[in-house]
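A.B. asks: any chance you can model this:
(2 chains)
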Amino acid sequence: MEVFADAFTYLIARREYVLATLTDHFMLVIWATFFVILIGVPLGIIISRTNRLQELVLGSVGILYTIPILALLGFLIPIMGIGTRPALIALVIYGLLPVVRNTCVGISQVPAMTKEAALGMGANNLQLLFKVEIPLTFPVIFAGIRTAMVMTFSLATYAVFIGAGGMGSIIMRGMRTYNTGMLLAGIIMVVITTVLLDRVVGFIDNRVQKKFSLAD
Amino acid sequence: MTREISVELQDVVKVYDTTKVVDGVNLSIEKGEIFVLIGPSGCGKTTTLKMINQLIPHTSGNILVNGMNVKELDAVELRRSIGYVIQYIGLLPHLTIEENITFVLQLIRRPKKEQKKRAHELIETVGLPASYLKRHPRELSGGQQQRIGVARALAGDPEILLMDEPFGAVDPLTREQLQNELLRLQETIQKTIVFVTHDIQEAFKVGNRIGIMRNGKMASVGNAMELVKNEDEFVRSFVGQGAIFDALDNIPVKRVMENDIPNVREGEPFKLKTAMNGWENIIVLDQNGAGVGYVSLEDVGPDGVIPAGAVRPLLPGCSPDLSIKKAVEQMLYGGRTWLPVASPENVFEGIVTFQACAGLLSREAG
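C.D. replies: I've put the predicted structure just below:
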């Protein structure tokens, strides 16, 4: 039990450092989520229109998703060097799959009758997209964003390997110096914040699902 | 009398791959009429309807809306100028009733204030309380959703309404109610309505004219009576056995009502010199002019005094707008050969007899 006491002592004594890694970690995830949405949602919409593109893109995104993170980070070093940028790119690559897939599936599942009603009343293509398809698909898209966000948050622990900081740094340092208190402190931070993030985003997700629940 | 043509189809053809779904349809739909397109499934009726607002572009031929060729119009603008009603699933589930009704106004970016005003007007027009405006479609019954569908189509005040099996998804009782409401509404709005259905009774009831389609061709066009007497084998089999009776469903009782009926106020003596017009009974009215009973001329005393015991009860009065089919039904159920006709304020107006109904039938069907 001594090791827990050590961990908490560390967290309190080095709180400024801990807080700094936490901020780095969060910023990395927020930026990654931002780019995932920016790329993933339009990509999902585009591929929902054509079957051939859909198979191609979902297939490629699926393959990227299965690459182990350390391999991907290692692969990015000769191309982009180290630092925040390659870490961000790796996280975006992992986050894309759930968002692209959910957007694509959601948009393709908007009933033809509903779309026809909107078109019949004189909606143009953009109005159909923004007034009907996206609002109707929003809960599904949001569920994808939730998955992507929680996943990139836990994956961001590896960002330290490529020099992008984050809470992985505490764990790394603890391992390198055989400082079990510090190691445990890092683990506790990662676990607690991941669970908290999942809870918070999950809460928002539930609100979204309730507000948009469309069961007829 | 030449009437204004709202929608005209000239030799319109629609080809999917190699099949001709619509094969050379010619049609003139007059301003202010309800034109029903009917036929077995796959006959091309819905395709024909959707070509009018170019949801489905036609392959060849001309479609004119208010004299303008739809190919030369912007499809989006065209659709905004034509009301469109489909089965109730067509309400947008993520929008409130108010947002659904004003959807067209949102598309053309009308001011919010105007949208709100219009939503309140229209929900009243279709007979639902304004409190429903804040609800979502799923909180309404099928019939209520369908009324909202009609309100939504009227939002932009279009001259033409396209209705694609609008009452197909509701139960028969509600359907009849909606048909009646549509007919009542049409008296005030006077739109040109193109109405697709697969139900011949519905066609007879709501249609001023009916076009029967078969294999992409227009098999026959005419009013209910003309279709009933059509000799064509397909039309006959499609219209069916009970058709002549159903065809009476859109003719109101007032067309055959007799209104010179001898009557007398309760408690007053009957003037024996009153012309009877070949009629043997006298209707007894109360002080408000509502029918309370009838008495046979034979039972009237020498001074025109009506013995209290001789007054026999009337069947419930029917409205002058009731269809002849319904009136005959009421006669059959009531075991009489005539019905009193009363205004909505329950003032006696005349009577309708079985004979007059049958006479009309033979006249119209010639």
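A.B. asks: quick check: residues of chain A near chain B?
C.D. replies: A:111, A:113-114, A:116-124, A:127, A:131-132, A:135-136, A:212, A:214-216 (C-beta under 8 Å from any C-beta of the partner chain). Placement of C-beta: from N, CA and C, glycine included.
A.B. asks: repeat that for 7 Å
C.D. replies: Proximity of chain A to chain B, by C-beta under 7 Å from any C-beta of the partner chain, involves residues A:111, A:113-114, A:116-124, A:127, A:132, A:135-136, A:212, A:214-216.
A.B. asks: where do the helices of the chain begin and end?
C.D. replies: As the question left the chain open, I've gone with chain A. Counting by DSSP state H, chain A has these helices, from start to end: A:2-13, A:15-49, A:51-66, A:69-80, A:84-108, A:112-120, A:125-127, A:134-155, A:168-176, A:180-212.
A.B. asks: ah, I was thinking of chain B
C.D. replies: Under DSSP H, chain B gives helices at B:45-52, B:75-80, B:97-101, B:103-107, B:112-125, B:142-154, B:172-189, B:200-206, B:224-228, B:233-239, B:243-247, B:324-334, B:354-365.
A.B. asks: I'd like these as a markdown table, with mean pLDDT appended.
C.D. replies: Listed next are these as a markdown table, based on pLDDT from 0 to 100:
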| stretch | mean pLDDT |
| --- | --- |
| helix B:45-52 | 94 |
| helix B:75-80 | 93 |
| helix B:97-101 | 94 |
| helix B:103-107 | 93 |
| helix B:112-125 | 94 |
| helix B:142-154 | 91 |
| helix B:172-189 | 89 |
| helix B:200-206 | 89 |
| helix B:224-228 | 82 |
| helix B:233-239 | 84 |
| helix B:243-247 | 73 |
| helix B:324-334 | 85 |
| helix B:354-365 | 72 |
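A.B. asks: could you dump those to a markdown table with mean neighbour count and distance to A:Phe161?
C.D. replies: Listed next are the helices of chain B as a markdown table, based on neighbours: other C-beta atoms under 10 Å in any protein chain shown; distance: least, C-beta to C-beta, whole Å:
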| stretch | mean neighbour count | distance to A:Phe161 |
| --- | --- | --- |
| helix B:45-52 | 24 | 59 |
| helix B:75-80 | 18 | 53 |
| helix B:97-101 | 24 | 50 |
| helix B:103-107 | 21 | 51 |
| helix B:112-125 | 16 | 54 |
| helix B:142-154 | 24 | 57 |
| helix B:172-189 | 16 | 66 |
| helix B:200-206 | 24 | 71 |
| helix B:224-228 | 23 | 81 |
| helix B:233-239 | 16 | 76 |
| helix B:243-247 | 21 | 80 |
| helix B:324-334 | 17 | 83 |
| helix B:354-365 | 15 | 90 |
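A.B. asks: what's the closest of those to chain A?
C.D. replies: Nearest of the helices of chain B to chain A, taken as C-beta to the nearest C-beta: helix B:75-80 at 3.2 Å.
A.B. asks: B:Glu280: how many residues sit nearby?
C.D. replies: For B:Glu280, the neighbour count with other C-beta atoms under 10 Å in any protein chain shown is 10.
A.B. asks: just B:Arg265 next, same as before
C.D. replies: Neighbour number of B:Arg265 under other C-beta under 10 Å is 13.
A.B. asks: A:Ser154 too?
C.D. replies: A:Ser154, neighbours per other C-beta under 10 Å, totals 15.
A.B. asks: residues contacting it?
C.D. replies: Residues near A:Ser154 by C-beta atoms under 7 Å, 6 or more residues apart in numbering or on different chains: A:Thr194.
A.B. asks: need the pLDDT of it.
C.D. replies: If you check A:Ser154, the pLDDT there is 92.
A.B. asks: again, but for B:Met1
C.D. replies: Predicted confidence (pLDDT) for B:Met1: 50.
A.B. asks: cool, the one 10 residues further on as well?
C.D. replies: Among the per-residue scores, B:Asp11 holds a pLDDT of 95.
A.B. asks: which residue, other than its chain neighbours, is closest to it?
C.D. replies: B:Gly61 (4.2 Å; C-beta to C-beta, 6 or more residues apart in numbering or on different chains).
A.B. asks: what's near enough to touch the nearest residue to A:Ile79 once chain neighbours are set aside?
C.D. replies: Spatial nearest neighbour of A:Ile79, excluding adjacent residues (C-beta to C-beta, 6+ apart): A:Pro86 at 7.5 Å. Contacts here follow C-beta under 7 Å, 6+ apart; on that basis A:Pro86 touches A:Leu73, A:Leu76, A:Ile77, A:Met80, A:Ile162.
A.B. asks: same thing but at 10 Å, please
C.D. replies: A:Leu72, A:Leu73, A:Phe75, A:Leu76, A:Ile77, A:Ile79, A:Met80, A:Ala159, A:Ile162, A:Gly163, A:Ala164 (C-beta atoms under 10 Å, 6 or more residues apart in numbering or on different chains).
A.B. asks: and the pLDDT at it?
C.D. replies: Confidence score, pLDDT, at A:Pro86: 93.
A.B. asks: got it, and A:Ala164?
C.D. replies: For A:Ala164, pLDDT reads 89.
A.B. asks: that one and A:Ala156 touch, don't they?
C.D. replies: Yes - because the distance of 8.1 Å satisfies C-beta atoms under 10 Å, A:Ala164 is recorded as touching A:Ala156.
A.B. asks: roughly how far apart are the residue nearest to B:Asp11 and B:Leu78?
C.D. replies: Applying C-beta to C-beta, to the nearest Å, the value for B:Gly61 to B:Leu78 is 16 Å.
A.B. asks: same question, B:Lys31
C.D. replies: 17 Å.
A.B. asks: if anything else comes up later, I'll come back, but that's it for now.
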